[in-house]
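Student: mind folding the following:
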Amino acid sequence: MRSMKKPLKITLISIGILIGALVASAVGYVGYIYFSYYRIGNSSLDIIHNARVDKASTNQVYKTISYNIGFGAYSQDFTFFLDTGYDDNGSETVGYYSKAKSKEEVMFNINGAVNCVNELEPDFVFFQEVDVDSTRSFYIDENKIIGDAFKNYDSTFALNFHTAYLPYPLHDMHGSVQAGLSTLSSIKMTESLRKEYTVSTSLSKFFDLDRCFSVSTISVDNNKNLYIVNSHMSAYDEGGLIREKQIEELNEFLKICKDEGSYVIVGGDFNHDLLINNPDYEYSLNNRPFNMTKKTPDWVSYIFDEEKKSPIIDGFKFIASDNIPTCRNNDIEWEVDETYVCVVDGFIVSDNVEIVDHYNIATNNGNKNLEWFAYSDHQPACLEFKLIN
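Tutor: Numbering: from 1, shown residues only. Purely as a prediction, here's the structure:
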C-alpha cells in the first residue's frame with residue numbers, strides 16, 4: 001500500500017505544479033496586456049513632403065477618395081471572427097479568421113487597392129486600416145507601399161491600433177498590431193495633427209482600435225485653410241453609444257472650423273449606416289437599399305434618426321452615395337445577393353464647399369461572379385468638390 005501511495009503523491013504534486021504554472025502564466029499574460037496598454041492621445045504628426053503644388057485654389061474641381069483597405073486580409077472568401085450576422089432563417093452566422101490567410105494575399109490585396117485608387121488620379125486620399133508592423137498582415141509595411149505608389153503627394157500617418165500580442169482566437173491568433181490612418185495630398189500640407197476619440201473602458205478596449213481622426217491643413221489661395229480629416233469610428237459598439245461620443249468630439253472640432261470660416265472635408269469609415277433615414281434619399285428600415293432582405297447585423301447603427309435629423313452640427317452635411325455599397329459584413333464569404341451590405345463610408349463637408357459629384361467605386365478582380373469587394377471588405381467612396389470663394 002505504501003508503494004502505491006508514493007507514486008500517487010508524486011502525481012498529485014506534479015499536477016499541482018502544472019496547474020500553478022498555468023495559472024501563473026495566465027496571470028502574467030493578463031498583467032502583460034494590462035500594463036502594455038496605453039492611449040496615444042493628441043499629437044503632431046510627421047509629414048513627408050513630396051507635393052508640387054503650394055496652395056489649393058477656389059473654384060477648381062478636386063477629387064477625394066476614402067477607402068478602408070482592411071489591412072490587406074479581406075479577400076472575397078475571407079470572414080472575420082468578430083463579425084456576426086444572420087442567415088435567411090434568422091440563425092446567427094459568425095466569421096472565422098483573425099489574420100490574413102497568407103503574405104501573398106496581403107500583397108495582392110494591398111497592391112490591388114492602391115492601384116485602383118491611383119488610377120483615378122485623386123487630389124486627396126484617406127486610407128484606413130493600414131498595417132505597418134503587424135502579425136495579422138505578415139509584418140508588411142503597407143504605408144510604405146502606399147507612399148511608393150503616390151510619389152508626388154504629401155503624406156502623413158496616424159497610428160490608431162497598437163496592441164501587445166493577442167493569442168485570440170486560439171485557432172487563428174491575431175497577434176501584435178501596429179496600424180493606422182494614411183492621408184495623402186497632392187497639395188502641400190502645412191500641419192497635421194492626431195485627435196483622440198473616446199473608446200470603450202471595458203475589457204473590449206484591449207481588442208478595439210485606439211480610435212482617432214487626423215487633421216491635415218492645406219493653405220488656400222484666398223488666405224483661408226482647408227482641413228482634410230481622415231476618420232475611423234468604432235465598430236462592434238452595440239447600440240452605438242461610444243460612436244455617439246465620438247461624433248460629439250468630431251462636432252467640437254467642426255465648430256472650431258466653422259468659427260474660423262475654414263473649409264472642411266472629413267472622409268472615412270463612420271461605422272454607421274449613412275443611407276437609412278438620410279434626407280437625400282427615400283430609404284428607411286422598411287425600404288432598405290440594394291434589395292437587402294437579410295436581418296440587419298447587431299453592430300449596425302444609423303447616423304440619421306427616424307426624423308431624418310443629422311447628428312452633425314449646422315453648417316456641415318453628410319455626403320453618402322447609393323450607387324453601390326461600400327461595406328460587406330464578414331460573417332460569411334462574399335456572395336452577391338447573400339452577404340449583408342451597406343454604406344458606412346462617405347464624407348462630411350462644410351457649407352462653403354460645393355459638391356460637384358459623389359459616387360462609390362466598384363472594385364473587381366476579374367471574377368464576374370463575384371463583382372465588387374475585390375481587395376477589401378470595403379469599396380472606395382469618391383467626392384468631387386469646389387471651394388467656394
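Student: I'd like the next helix or strand past the lowest-mean-pLDDT helix or strand in the chain.
Tutor: Every helix and strand in the chain was compared by mean pLDDT, DSSP states H and E; the lowest is helix 2-36, with a mean of 61. Using DSSP states H and E, the helix or strand that follows helix 2-36 in sequence is strand 43-44.
Student: partners of that next one, with directions?
Tutor: With DSSP bridges as the test, strand 43-44 is paired with strand 189-196 (antiparallel).
Student: so what touches the strand it pairs with?
Tutor: The contact list for strand 189-196, computed with C-beta atoms under 8 Å, 6 or more residues apart in numbering, reads 39-47, 49, 51, 154, 156, 158-159, 183, 210-219, 249, 253. Glycine gets a C-beta too; all of them are placed from N, C-alpha and C.
Student: run the chain-centre distance for the helix or strand that it is followed by.
Tutor: Following strand 189-196 in sequence order, the next helix or strand is strand 212-219 (DSSP H and E). Relative to its parent chain, strand 212-219 has a centroid offset of 17 Å by C-alpha atoms, centre = their mean, to the nearest Å.
Student: export strand 212-219 as PDB, just CAs?
Tutor: Taking Å, rounded to 0.1, in the frame of the first residue of the first chain, the C-alpha atoms of strand 212-219 are listed here in PDB:
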ATOM      1  CA  CYS A 212      -8.700  58.900 -33.600                       C
ATOM      2  CA  PHE A 213      -9.000  61.200 -36.600                       C
ATOM      3  CA  SER A 214      -6.200  63.000 -38.300                       C
ATOM      4  CA  VAL A 215      -6.400  66.700 -39.400                       C
ATOM      5  CA  SER A 216      -4.100  68.000 -42.100                       C
ATOM      6  CA  THR A 217      -4.000  71.700 -43.000                       C
ATOM      7  CA  ILE A 218      -3.900  72.900 -46.700                       C
ATOM      8  CA  SER A 219      -3.500  76.600 -47.400                       C
END
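Student: in ChimeraX, select just the buried ones from the contacts of strand 189-196.
Tutor: Paste this into ChimeraX to select the buried members of these, with burial taken from 16 or more other C-beta atoms under 10 Å:
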select :45,47,51,154,156,158,159,183,210,211,212,213,214,215,216,217,218,219,249,253
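Student: shouldn't S57 be in contact with D221?
Tutor: Yes. Here S57 reaches D221: they are 5.1 Å apart, a contact under C-beta atoms under 8 Å.
Student: state the pLDDT value of G240.
Tutor: At G240 the predicted local confidence, pLDDT, stands at 66.
Student: how about D210?
Tutor: As predicted, D210 sits at a pLDDT of 84.
Student: hmm, who's touching stretch 290-299?
Tutor: With C-beta under 8 Å, 6+ apart, stretch 290-299 has contacts from 83-88, 90, 235-238, 271, 285, 324-325, 329, 331, 337-338, 340-342.
Student: got a quick PyMOL command for the buried subset of the residues you listed?
Tutor: With 16+ other C-beta under 10 Å as the burial test, the buried ones among these are selected in PyMOL as follows:
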select buried, resi 83+84+85+86+235+237+271+324+325+329+331+340+341+342
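Student: sort out for me which of the contacts of stretch 290-299 are in strands.
Tutor: Counted as lying in strands by DSSP state E, out of these, are 84-86, 341-342.
Student: I'd like the residues you listed laid out as TSV, including pLDDT and distance to V61.
Tutor: Formatted as TSV, the ones in strands among the contacts of stretch 290-299 follow (pLDDT from 0 to 100; distance: C-beta to C-beta, whole Å):
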residue	pLDDT	distance to V61
T84	94	42
G85	94	39
Y86	94	42
V341	96	29
C342	96	28
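Student: need these in TSV (columns: distance to N118).
Tutor: Output for the ones in strands among the contacts of stretch 290-299, formatted as TSV (distance: C-beta to C-beta, whole Å):
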residue	distance to N118
T84	34
G85	33
Y86	37
V341	25
C342	26
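Student: common neighbours of S57 and D221, please.
Tutor: Shared contacts of S57 and D221 (C-beta under 8 Å, 6+ apart): none.
Student: which helices and strands does the strand ranked longest in the chain pack with?
Tutor: Counting residues, the longest strand found in the chain (DSSP E) is strand 154-166. On a contact count with 3 or more C-beta pairs under 8 Å, 6 or more residues apart in numbering; DSSP states H and E, strand 154-166 meets helix 2-36, strand 47-48, helix 142-149, strand 175-185, strand 189-196, strand 212-219.
Student: try it again with 7 Å
Tutor: Secondary-structure packing of strand 154-166 (3 or more C-beta pairs under 7 Å, 6 or more residues apart in numbering; DSSP states H and E): helix 2-36, strand 47-48, strand 175-185, strand 189-196, strand 212-219.
Student: could you give the mean pLDDT of the second one?
Tutor: The one in question is strand 47-48. 98.
Student: what does it rub up against?
Tutor: 147, 154-156, 189, 192 (C-beta atoms under 7 Å, 6 or more residues apart in numbering).
Student: ok, then the element right after it?
Tutor: Using DSSP H and E, the first helix or strand after strand 47-48 is strand 62-68.
Student: residues contacting that following strand, please?
Tutor: Contacts of strand 62-68 (C-beta under 7 Å, 6+ apart): 113, 117, 120, 122-129, 265, 267-269, 345, 347, 376, 378, 380-385.
Student: select only the buried ones of those in PyMOL?
Tutor: Typed into PyMOL, the line below selects the buried ones among the contacts of strand 62-68, using 16+ other C-beta under 10 Å:
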select buried, resi 113+117+122+123+124+125+126+127+128+129+265+267+268+269+345+347+376+378+380+381+382+383+384+385
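Student: taking the contacts of strand 62-68 one by one, which sit in strands?
Tutor: Of those, the ones assigned to strands by DSSP E are 124-129, 265, 267-269, 345, 347, 381-385.
Student: where does pLDDT dip in the chain?
Tutor: Within the chain, the segments meeting pLDDT under 70 span 1-10, 12, 14, 16, 18, 20-38, 200-209, 236-240, 368-369.
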